[in-house]
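J.: Sequence and computational prediction follow.
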Amino acid sequence: MPKETNRPAILITGSAGFLGQAIAHGLSNRYRVIGFDVAAPKGPSDSFETIEVDLTSDDSVTAAVEAARERSGGRLASVIHLAAYYDTTGKSNPKYHTVNVQGTRRLLAALQNLETEQFVYSSTLLVHAPSPRKGVRINEDSPLEPSWAYPKSKAETEALVAKERGKIKTVILRLAGVYDEDCRAAFIAQQIARIFERLPTAYLFSGDPGAGQPYLHKDDLVDAIVRTVERRTTLSDESVVLIGEEETLSYEELQKRIGRLLHRQDWNTLVLPKSLAKAGVWMQTEVLDQDTDIRPWMIETSDDHYEIDISRARALIGWEPRHSLAATLPEMIRRLKEDPTDWYAKNKLESSVVAASKPEIEEAKKRLRAPLERSDEEVEAAVERHRLWTLWAPLANVALGLWLVASPMTLGLFDPVVAPFPPALGHEIAEPAIRDARLGASEVLSGLLVVTFALLGMYRRWSSVQWITALLGVWVMFAPLVFWTTSAAAYATDTLAGILIVAFAVMIPPTPGIRARALAADDDRPLGWSYSPSAFTQRLPIVALAFVGLFVSRYLAAYQLGHIDGLWDPFFGPGEASVRNGSEAVVTSWVSKGFPIADAGLGAFAYALDILAGAIGDRRRWRTMPWMVLLFGLLIVPLGAVSVSFIIIQPPLIGALCTLCIIQAAVTVVLIPYSIDEVLATVQYLWRAKRAGEPLWRTFWMGGPALSENQTPGPDLDRPAAQLLKEFITGGVNFPWTLVTSVLLGALLMTTPLVFGSNPPLYYSDHVAGCTVILVAIIAMAEVVRPVRFLNGALGAWVAASPFLLGGGGMVGTLADVAIGLALVVLSLPRGTRSEEHYGGWDRAIV
């Protein structure tokens with residue numbers, strides 16, 4: 001920071017911003033620069049010192065000007081007033097008045113007590129009415145006709161400056177939009193981004209494509225400011241100067257130039273009528289509740305064309321531009337192609353959208369050819385240390401294997417037994433004693449194999465055989481169902497032992513089979529993602545819910561296998577079945593008897609696999625164990641569909657409902673939205689890794705390297721309990737009121753006989769539709785598959801029409817179905833509020 005006090009002092013408001021810092025740097029060689037801003041820029045500055053100020057507060061402005069007096073020696077050569085409020089909504093915001101207008105008034109009032117030679121106010125050329133026709137240039141004396149909130153506030157402030165300036169000389173600089181080689185001009189950046197991403201809106205325009213506005217290079221702006229300050233003594237008391245390039249590129253010309261630079265093609269632009277464009281924006285923002293960079297005011301002003309005459313700037317300050325937008329555009333595009341995420345970040349666009357674009361993948365490809373963060377030797381040494389620390393795990397499996405060998409004798413599986421046939425059995429099976437003996441033989445053989453492979457897996461070179469041990473554990477869980485055991489103790493023992501064998505074999509780090517290349521970096525967030533979908537805060541809710549499903553399914557399976565005499569069901573009767581309640585009727589129905597094993601037991605087995613597949617691996621497993629993540633998804637999604645299907649068929653095909661089955665199905669359906677984001681991340685990674693030169697199948701089975709640059713993994717379970725609970729509930733999932741309401745309407749459809757007196761066949765239709773609506777709405781709560789909700793629009797249309805196509809409704813039932821159906825159609829349209837999370841280019845699919 002300059003220490004000389006004999007240089008004239010310059011005060012710049014908004015000094016921490018992009019333009020403020022550039023102007024300060026341009027003036028710092030000849031002037032002592034003092035900055036005003038709401039917050040000091042990050043890091044030390046050699047160009048200026050910053051005084052924090054709130055322009056909406058009289059006291060703050062007075063104190064800041066007093067501090068500037070002390071630093072300047074009581075005299076300011078010039079005040080360059082850049083600070084202003086701006087947004088692209090086009091709507092009137094109170095800040096336009098409190099910051100832009102009244103903030104300027106406060107500043108001028110405070111400066112009256114400080115010797116100030118000049119006050120430079122940065123306005124905008126948009127205070128002017130557009131050029132009356134193409135080829136006609138406007139100048140400083142052209143009519144003022146600002147058309148939306150921001151330029152209106154600037155015009156109002158210009159008038160205030162003229163009124164409140166006192167003895168201070170003033171210069172109003174009406175600036176064109178500012179850009180540099182990184183772009184920085186919001187509307188041009190958005191136009192470039194739309195074409196870069198090939199968005200549908202990139203082909204559409206709602207006004208005269210021959211219209212355009214002039215722009216101004218940042219360096220030319222700095223030059224204009226410097227010249228204005230240097231000529232402060234020769235300028236008149238009040239000056240107004242237009243600053244911008246005399247060349248005006250039309251929207252269409254920009255489209256073609258950008259298209260050629262990005263995609264080597266002239267970009268075709270379809271002109272939409274303004275009414276249609278407005279309807280589209282309204283539909284997108286108000287009905288679908290989506291974000292858009294196209295605003296209604298932009299449609300209104302899309303015909304406005306500006307060409308400017310800068311002869312006054314030449315005459316008064318000897319300025320004319322040395323750059324042009326047309327000449328700078330190739331460099332803008334080159335920088336975008338070179339590093340899209342950096343370019344998007346600099347232009348305040350969402351960089352996650354392009355984090356996996358072709359240039360970024362090419363950069364990743366180059367990085368992957370170089371040595372990785374850790375060498376294979378370093379990774380192998382770390383894995384070996386972990387292996388030595390966890391040798392107790394295979395030894396624990398040896399003990400479990402020995403228990404399996406001894407358990408048939410302990411549990412009496414080889415003893416004679418007389419037991420009734422299982423109530424859910426629908427085919428011929430062996431006698432009880434034979435079935436138990438077969439299970440006993442299986443346990444002895446399985447136990448011996450577990451001991452053998454667990455011991456072999458303790459050797460470093462043979463660590464991968466622990467996967468064989470894990471497969472044996474899976475068989476141990478499944479065997480009691482295959483043999484229809486009569487022993488409840490054996491079933492319970494094998495379930496617990498099987499889960500523990502899998503856990504000790506492959507869940508205790510280091511998980512065997514992951515290649516060193518996948519473990520070379522700690523990066524745990526996929527390209528463009530704002531979080532790790534494999535974090536334990538993401539997976540623990542799934543594991544917890546799967547345990548609930550396991551307990552319910554084990555209870556139902558115990559009845560199907562004949563281990564208990566009855567089931568609990570507080571709500572539903574047996575219908576025409578000769579059992580005590582709906583749960584018993586359903587799990588002993590012809591549907592359940594059609595399975596070769598107890599179907600509830602199969603569900604319990606699937607839940608156990610969900611628990612194991614959900615818990616294995618660390619927060620990088622979306623790239624270190626892709627096959628496991630996809631298996632996890634395959635376990636959850638089909639299981640959810642099967643569970644809901646089973647609820648759907650109960651009234652029409654079985655004639656009964658099962659409370660416990662509904663609980664089980666609810667748990668299964670809730671698992672789906674919590675697991676989808678990890679599956680998406682894995683699929684994205686496999687595709688991108690292949691594009692980056694990694695072998696697909698080796699990556700699929702053994703994992704692959706990080707594609708991103710070095711990351712610092714964020715905290716996972718090491719956070720406050722309240723924050724963890726929030727993450728458990730909202731990880732990749734949120735709950736728009738539209739979807740919650742859809743779930744409630746789906747539940748209402750399932751109860752139409754009780755509430756509205758509906759009868760079959762309309763009731764059956766309502767039941768099927770209600771179950772499906774709930775399934776769709778809950779799945780759509782996962783942001784990455786939010787468009788799934790549109791299916792409820794089609795279901796709602798059917799519900800509304802069904803009373804007129806099916807009998808059994810009555811007046812009340814008909815009106816109820818019509819109302820519920822139409823409500824579902826309407827509720828399926830809004831997307832709902834988006835979270836702050838990003839999903840690596842998938843964001844645009846969340847419509």
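T.: Nice, I can see it.
J.: how about stretch 196-206: buried residues?
T.: Residues of stretch 196-206 classed as buried by neighbour count (16 or more other C-beta atoms under 10 Å): 196-197, 201-202, 204-206. (Each C-beta comes from the backbone N, C-alpha and C, glycine too.)
J.: Equivalent analysis for stretch 223-238, please.
T.: For stretch 223-238, by 16+ other C-beta under 10 Å, it's 223-226, 228-232, 235.
J.: then that stretch to CSV, C-alphas only?
T.: Extracted C-alpha coordinates of stretch 223-238, given in CSV (Å, rounded to 0.1, in the frame of the first residue of the first chain):
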residue,chain,number,x,y,z
ASP,A,223,-8.6,4.7,-19.2
ALA,A,224,-11.7,6.9,-19.3
ILE,A,225,-11.8,7.2,-15.5
VAL,A,226,-8.1,8.1,-15.4
ARG,A,227,-8.5,10.7,-18.1
THR,A,228,-11.6,12.2,-16.3
VAL,A,229,-9.7,12.5,-13.1
GLU,A,230,-6.6,14.0,-14.8
ARG,A,231,-8.8,16.7,-16.5
ARG,A,232,-10.8,17.6,-13.4
THR,A,233,-9.5,21.2,-13.4
THR,A,234,-10.4,21.8,-17.1
LEU,A,235,-13.9,20.2,-17.1
SER,A,236,-16.9,22.3,-16.5
ASP,A,237,-18.8,22.2,-13.2
GLU,A,238,-21.3,19.6,-14.6
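J.: Need the contact partners of that stretch.
T.: 10, 23, 26-27, 31, 77-78, 80, 117-118, 120, 162, 165, 169-173, 241, 243, 313, 316-319, 322 (C-beta atoms under 8 Å, 6 or more residues apart in numbering).
J.: Which elements pack onto the lengthiest helix in the chain?
T.: Counting residues, the longest helix found in the chain (DSSP state H) is helix 659-691. The contact analysis (3 or more C-beta pairs under 8 Å, 6 or more residues apart in numbering; DSSP states H and E) places helix 659-691 against helix 358-369, helix 536-560, helix 582-587, helix 599-615, helix 621-624, helix 626-649, helix 696-702, helix 762-780.
J.: who does the third one touch, helix- and strand-wise?
T.: To tie it back to what came earlier, the one meant is helix 582-587. Packing partners of helix 582-587 (3+ C-beta pairs under 8 Å, 6+ apart): helix 536-560, helix 659-691.
J.: Now tabulate the ones you listed in CSV and tack on distance to residue 493, mean pLDDT and mean neighbour count.
T.: Output for the helices and strands packed on helix 582-587, formatted as CSV (distance: least, C-beta to C-beta, whole Å; pLDDT from 0 to 100; neighbours: other C-beta atoms under 10 Å):
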stretch, distance to residue 493, mean pLDDT, mean neighbour count
helix 536-560, 13, 91, 21
helix 659-691, 23, 91, 23
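J.: could those helices go into a markdown table alongside distance to residue 726?
T.: Putting the helices and strands packed on helix 582-587 into a markdown table (distance: least, C-beta to C-beta, whole Å) gives the following:
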| stretch | distance to residue 726 |
| --- | --- |
| helix 536-560 | 9 |
| helix 659-691 | 14 |
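J.: model confidence over stretch 174-192, on average?
T.: For stretch 174-192, the mean pLDDT works out to 94.
J.: start to end distance for that stretch?
T.: 25 Å (C-alpha to C-alpha, to the nearest Å).
J.: list the buried ones in stretch 519-533?
T.: For stretch 519-533, burial by neighbour count (16+ other C-beta under 10 Å) applies to 519-521, 523-529, 531-533.
J.: And stretch 358-369, by the same measure?
T.: Quick answer for stretch 358-369 (16+ other C-beta under 10 Å): 360-361, 363-364, 367-368.
J.: again with stretch 711-728
T.: For stretch 711-728, burial by neighbour count (16+ other C-beta under 10 Å) applies to 716, 724, 727-728.
J.: Could you single out the nearest of these to residue 794?
T.: residue 728 (32.7 Å; C-beta to C-beta).
J.: next one: phi and psi at the closest one?
T.: Dihedral angles of residue 728 (phi, psi; degrees, to the nearest 10) stand at phi -60, psi -40.
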